[in-house]
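1. Mind looking at a prediction? Sequence and model below.
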Amino acid sequence: MTAGASRVRIRGLVKVMRWARTKLSTGIPAEKAEDFRTEVLGVLKKVESICRRSGITPQDLPAPSYRAYCYLRDIDLHHLPLVAATDAAPDDRPAPAKHLRIRGLVAAQQRLDADFVRWVEDHHDQVKTLDAEGEPVAGWLSQIYATLDFVNDAAAEAQAPVSLLPARSRRAYQWLSFLSDPANLLAHVKTAAALQRIARRPPCRSAIPKSRRSLPARISFAYSSSLFHARVQEGVLAITVHEGFVGAPQDVLQALLCAALAGDQQAFFEPALVYSQSDAFQEATEALEVTIVDGEVRARGQYFDLDAVFERVNAAYFAGALARPRLTWNQILTHRKLGHYHPATDTLMISITLDAPGVPDYVIDYVMYHELLHKQLGVKLVNGRRRAHTADFRKAERAFPDYEKAEAFLREALK
């Protein structure tokens, strides 16, 4: 764990929260319960110590870190879900015995990415008028769907899930799947255009070392392990930005780009780094991750079992007619987006923010109901725009008996 100089950050806190979350959902062997308590209490003590030395309280930490701290703080360490050693999930699962390799997947991603870059460079004046039904978006979507169908067919033939792809190919698949949503694709292209505009103006151009100032900048996005990567390639300043920055505010994009162009993260990077810890960035990352779901989805939480919630809501409001989607809790505490339905994988994910004491049954039922409406009603195109929350959707949403009460609870809880 480390604290930053200008703004206190405690690295690894969210990771510890996820670890604790997994342990609580699978059950803790009785002989390891004391170790679990010691680990949680030790992390809390370190966090509070760092905050005291920095003259702040845990509430002053970045939102994801503070929520992780709250989660760990609120664990009832005296009433842990204990299991016999033979029933507990192993700490380290063995690596899968087989791999899935599909040639050309990364190359397909790179070709499409290059197409985005060229189009933005040549048609920057047309970005505002882009819509999901017109060209070139319809053409891009056609390419994406064809590539995803090819990969899914190859995976089915090999009888292996796409989660077994090598890391680089798996991320390419997730990136393409994420962009198969027209709203994500439009946001992607428009943010790329915004970055191109910023790159041509001060202060970013003036921040570039003189030896590289005459080089054109080419900016693209990817789902990568780093927030950005900059290099000189074939006489061009090639900058690759993490997909989580799609839709970010102008000041964040400028800070990110200046850091990449100047090669000086310390001087320019702070707003972008702060944004990478925000709900918006984390939720974009969750949307990318949920495009691949293996057999280890976790429906049982510490306080709620999503299987039971689904059965209850499906029977009460959908006459039991909806097929069960893949149900899973997400891996981060979110502040704005409490659920997500991904039609390509038929996965319904609910934020672990709601797996907490004090959350009424009608609230978790309402969030499940909301996401199941997305499964039932799908997405409509209205005037060339993708609309999930149509008038029909809103009418059906308000039919939930405890709609007003659930909305009021969520507004108050998520302040």
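-> That came through, no problem. Owing to the predicted nature of the structure, the values given are computational and were not obtained by experimental measurement.
2. Now do stretch 281-294, average pLDDT.
-> For stretch 281-294, the per-residue pLDDT values average out at 74.
3. Sort out which residues of it are buried, please.
-> By neighbour count on 16 or more other CB atoms under 10 Å, the buried set for stretch 281-294 is 281-293. Glycine gets a C-beta too; all of them are placed from N, C-alpha and C.
4. With distance to Tyr223 and secondary structure as added columns, please give the residues you listed in a markdown table.
-> What follows is these, written out as a markdown table (distance: CB to CB, whole Å; DSSP: H, G, I helix; E, B strand; the rest coil):
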| residue | distance to Tyr223 | secondary structure |
| --- | --- | --- |
| Phe281 | 12 | helix |
| Gln282 | 14 | helix |
| Glu283 | 14 | helix |
| Ala284 | 10 | helix |
| Thr285 | 8 | helix |
| Glu286 | 12 | helix |
| Ala287 | 10 | helix |
| Leu288 | 5 | helix |
| Glu289 | 9 | helix |
| Val290 | 12 | coil |
| Thr291 | 9 | coil |
| Ile292 | 11 | coil |
| Val293 | 16 | coil |
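5. Closest to Thr328 out of those residues?
-> Checking the buried residues of stretch 281-294 against Thr328 with CB to CB, the nearest one is Val293 at 6.8 Å.
6. what about the stretch 301-415 of the chain, any weak spots by pLDDT?
-> Applying pLDDT under 70 to the stretch 301-415 of the chain flags the ranges 331-336, 344-345, 379-388, 414-415.
7. quick one, strands of it?
-> Ranges of strands in the stretch 301-415 of the chain, per DSSP state E, counting those that start in this stretch, are 326-329, 339-342, 347-350, 380-382, 385-387.
8. List the contacts of the first one.
-> Right, strand 326-329. By CB atoms under 8 Å, 6 or more residues apart in numbering, the surrounding residues in contact with strand 326-329 are 21, 25, 293, 297-299, 301, 306-307, 310, 345-352, 355.
9. Name only those of those that count as buried.
-> 21, 25, 293, 297-299, 301, 306, 310, 345, 347-352, 355.
10. Can you give the domain ranges for the protein?
-> With domains defined by automatic domain parsing, the chain comprises 13-87, 105-287, 294-413.
11. Give me the distance between the longest one and the centre of its chain.
-> Relative to its parent chain, domain 105-287 has a centroid offset of 15 Å by CA atoms, centre = their mean, to the nearest Å.
12. Please tell me the pLDDT value assigned to Val297.
-> 57.
13. Then the one 3 residues further on?
-> The predicted structure scores Arg300 at 84 on the pLDDT scale.
14. Skip the chain neighbours and tell me the closest residue to it.
-> Spatial nearest neighbour of Arg300, excluding adjacent residues (CB to CB, 6 or more residues apart in numbering): Ser25 at 5.6 Å.
15. Just list what the one helix or strand the one you found maps to packs against, helices and strands only.
-> Using DSSP states H and E, Ser25 maps to helix 13-26. Judged by 3 or more CB pairs under 8 Å, 6 or more residues apart in numbering; DSSP states H and E, the packing partners of helix 13-26 are helix 33-54, helix 63-73.
16. want to throw those into CSV with mean neighbour count?
-> Listed next are those as CSV, based on neighbours: other CB atoms under 10 Å:
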stretch, mean neighbour count
helix 33-54, 15
helix 63-73, 20
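17. Please tabulate the domains of the chain in CSV, including the columns distance to His99.
-> CSV is the format used below for the domains of the chain (distance: least, CB to CB, whole Å):
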stretch, distance to His99
domain 13-87, 24
domain 105-287, 5
domain 294-413, 13
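18. Out of the buried residues of stretch 281-294, which comes closest to Asp125?
-> For the buried residues of stretch 281-294, the nearest to Asp125 is Ala284 (27.2 Å; CB to CB).
19. The residue lying closest to that closest one once chain neighbours are set aside in helix, strand or coil?
-> Leaving aside its chain neighbours, Ala284 sits nearest to Gly244 (4.3 Å; criterion: CB to CB, 6+ apart). Following DSSP: H, G, I helix; E, B strand; the rest coil, we place Gly244 in the helix state.
20. Next up, the contacts around Gly244.
-> Applying CB under 8 Å, 6+ apart, the residues contacting Gly244 are 276, 281-282, 284-285, 288.
21. Please identify which of those residues is nearest to Pro81.
-> Nearest to Pro81 among the contacts of Gly244, with distances taken as CB to CB, is Gln282, at 26.3 Å.
22. Please tell me I have it right and that closest one contacts Arg67.
-> No - in this structure, Gln282 is not within contact of Arg67 by CB atoms under 8 Å, at 10.1 Å.
23. Pipe the helices and strands packed on helix 13-26 into a markdown table and attach distance to Thr129 and mean pLDDT per row.
-> Shown next, in a markdown table, are the helices and strands packed on helix 13-26 (distance: least, CB to CB, whole Å; pLDDT from 0 to 100):
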| stretch | distance to Thr129 | mean pLDDT |
| --- | --- | --- |
| helix 33-54 | 49 | 88 |
| helix 63-73 | 35 | 81 |
